[in-house]
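**Q** give the three-dimensional model of this entry:
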Amino acid sequence: MTQTRTLESNGASRAEHLHGDGSCQRPRREVVLIGAGHANVEVLRRFCAAQLPRGVAVTLITRSGSELYSGMLPGVASGRYDLDDARINVGALAGRAGAQLIIDDAIGIDLPRKAVLCRLAPPVPFDRLSLDIGSGPTAGRVAGAEMHALRVKPIEGFVPGFDSMRHRLRERGYRGRLVMVGAGAAGIELLLAVEHRLRSEARRAAADPDGLTFTLLAGSGDILPGFPARFRRTVRRVLEDRRIAVRTNARARMLDGHQVHLATGSPIDADEVLWATEAAPANWLAETGLALDREGFVRVDEALRCVGQEDVFAAGDTVSFDPCHLPKSGVYAVRSAPVLAQNLLASWTGQALRPFRPRSSVLYLLSTADGRAVGTRNGFTFSGRWVFWLKDRIDRRFVARLNASHDGSDRSPGHDRRAGKHGSVHG
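**A** Numbering: from 1, shown residues only. Have a look, this model is predicted:
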């Protein structure tokens with residue numbers, strides 16, 4: 001059963017509280033998870049099946065009681081999936097793990113006092129901390145981007161934003177110039193989904209689907225940097241077949257509501273702009289005292305422990321893995337979860353921590369939103385309907401595994417809510 005502690009939104013009282021001298025009186029050992037990223041939710045799932053050591057209590061701090069799985073977001077955008085198909089019931093998962101759930105935004109970490117600072121809740125003490133808050137786009141670094149672009153992250157804001165975009169285009173008779181800033185896998189997959197959805201809706205409305213134009217802006221000399229050349233060529237052919245223009249070496253400098261101004265070259269006319277550039281870390285990490293890399297991501301060692309810290313771990317897109325460079329990919333977050341779960345508990349007992357050994361080659365699958373997908377692994381590239389079947393199967397099984405209770409029932413979690421933080425995903 002979920003553990004319950006007294007929490008008041010005004011921060012006046014707390015059954016387990018921090019004292020003025022920085023000490024924290026609490027009779028049990030606290031494992032606190034910040035963020036419901038791929039690694040932390042998988043840690044919770046593993047805690048469901050494991051017998052936690054006596055006296056260990058788990059708390060999850062996240063902004064919503066449910067999360068939209070990012071791997072299925074393009075399918076939601078294309079209309080293939082309903083929101084419920086892609087939704088992870090984080091609250092129920094926390095309940096099955098016997099964890100307290102705090103619906104709030106983490107805004108800092110007080111390392112000397114070993115507490116997580118939240119926007120509304122009182123400080124949350126920890127003995128072991130796991131940080132998995134993902135990353136966001138770099139829109140804040142480009143003038144006008146936050147005002148005039150629909151950002152892919154945070155994901156919970158994309159779905160209602162895309163619904164508003166569809167409404168505007170419908171009102172304009174499906175005539176408009178759409179630009180995607182960011183030519184990585186996430187941006188391309190989402191743009192293909194958006195193109196498929198909007199042109200399909202235009203046809204159903206007896207409008208000319210060619211009244212919509214789509215342009216992909218790549219900041220480097222090619223799309224999909226870091227991917228095999230054959231994979232890039234295959235995806236380029238898909239973009240050409242779908243009449244999506246590609247501009248390379250086109251780094252956005254400013255948005256003004258009508259155009260995307262580039263660092264070099266003429267501006268791009270745009271009625272609607274989507275933003276899926278490279279990942280950026282949360283700003284508040286810079287104030288924590290954690291060791292960060294040059295870009296502001298949290299540095300971790302091979303055991304996923306934050307560099308210079310004995311009791312703080314991190315995984316997912318928010319980390320910079322010291323032993324080697326890792327792309328910002330949910331694949332690595334999920335695969336790091338067994339190591340993260342084990343080390344969070346092993347660090348108390350004096351056992352040797354388990355190293356995370358990422359594979360040099362992983363499977364990447366990119367849906368093209370037409371019942372097909374393109375994949376790559378070990379330098380090989382493949383495409384077709386069977387590739388989408390594989391991706392669909394993997395994604396659905398991942399969500400189903402996290403949502404499944406021990407007896408197959410749908411249990412509701414016990415949890416604490418802050419006023420005004422109900423965090424559901426709306427379509």
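**Q** what's the distance between stretch 233-245 and the middle of its chain?
**A** Counting by Cα atoms, centre = their mean, to the nearest Å, stretch 233-245 is centred 26 Å from the centre of its parent chain.
**Q** model confidence over it, on average?
**A** Mean pLDDT, stretch 233-245: 98.
**Q** do the same with stretch 298-318
**A** In the prediction, stretch 298-318 has an average pLDDT of 95.
**Q** restricting to C-alpha, output that stretch in CSV.
**A** C-alpha atoms of stretch 298-318 as CSV (Å, rounded to 0.1, in the frame of the first residue of the first chain):
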residue,chain,number,x,y,z
VAL,A,298,24.7,16.2,-15.1
ARG,A,299,28.0,14.3,-15.2
VAL,A,300,27.7,10.6,-14.1
ASP,A,301,30.2,7.9,-13.8
GLU,A,302,29.9,4.3,-15.0
ALA,A,303,27.7,3.4,-12.0
LEU,A,304,25.3,6.3,-12.9
ARG,A,305,26.4,8.1,-9.8
CYS,A,306,26.8,11.9,-10.1
VAL,A,307,30.4,12.8,-10.2
GLY,A,308,31.6,13.8,-6.7
GLN,A,309,28.4,12.6,-5.0
GLU,A,310,27.9,9.4,-3.0
ASP,A,311,24.1,9.4,-2.8
VAL,A,312,22.9,11.1,-6.0
PHE,A,313,22.3,9.2,-9.2
ALA,A,314,21.0,10.2,-12.6
ALA,A,315,20.0,8.7,-15.9
GLY,A,316,18.3,9.6,-19.2
ASP,A,317,18.6,12.6,-21.3
THR,A,318,19.6,14.8,-18.4
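**Q** for it, buried residues please.
**A** Buried residues in stretch 298-318, counted by 16 or more other Cβ atoms under 10 Å: 298-307, 309, 311-318. All C-beta atoms are positioned from the backbone trio N, CA, C, and that covers glycine.
**Q** again with stretch 349-361
**A** Neighbour-count burial for stretch 349-361 flags Leu353, Arg354, Phe356, Pro358 (criterion: 16+ other Cβ under 10 Å).
**Q** so what's the last one up against?
**A** Pointing back at Pro358 there. Applying Cβ atoms under 8 Å, 6 or more residues apart in numbering to Pro358 gives the contacts Phe321, Cys324, Leu326, Tyr332, Arg335, Ser336.
**Q** restricted to strands, list those residues.
**A** Phe321 (DSSP state E).
**Q** what's the closest of the contacts of Pro358 to Thr62?
**A** Nearest to Thr62 among these is Ser336, at 18.2 Å by Cβ to Cβ.
**Q** out of the contacts of Pro358, which is most surrounded?
**A** Ser336 (28 neighbours; other Cβ atoms under 10 Å).
**Q** ok, that one touching Arg354?
**A** No - counting by Cβ atoms under 8 Å, Ser336 does not reach Arg354; the two are 10.5 Å apart.
**Q** got a list of what the spatially most central residue of the chain touches?
**A** In the chain, the C-alpha nearest the mean C-alpha coordinate belongs to Gly134, at 5.0 Å (Cα atoms, centre = their mean). Gly134 makes contacts with Gly35, Gly37, Lys153, Gly316, Asp317, Thr318, as judged by Cβ under 8 Å, 6+ apart.
**Q** on the three-state scheme, it is what?
**A** Assigned with DSSP: H, G, I helix; E, B strand; the rest coil, Gly134 falls in the coil class.
**Q** Gly375 belongs to a helix?
**A** No - Gly375: not assigned to a helix; according to three-state DSSP it is strand.
**Q** distance from stretch 239-257 to the middle of the chain?
**A** Per Cα atoms, centre = their mean, the centroid offset for stretch 239-257 relative to its chain is 24 Å.
**Q** what's that stretch in contact with?
**A** For stretch 239-257, contacts defined as Cβ under 8 Å, 6+ apart pick out 142-145, 147-149, 181, 183, 188, 191-192, 195-196, 210, 213-223, 236, 260-265, 268, 270, 273, 277.
**Q** which of the residues you listed are buried?
**A** Buried subset of the contacts of stretch 239-257 (neighbour count, 16+ other Cβ under 10 Å): 142, 144-145, 148-149, 181, 183, 188, 191-192, 195-196, 213-219, 223, 236, 260-262, 268, 270, 273, 277.
**Q** what about those residues, which are in strands?
**A** Val181, Thr213, Phe214, Thr215, Leu216, Leu217, Val260, His261, Leu262, Ile268, Val273.
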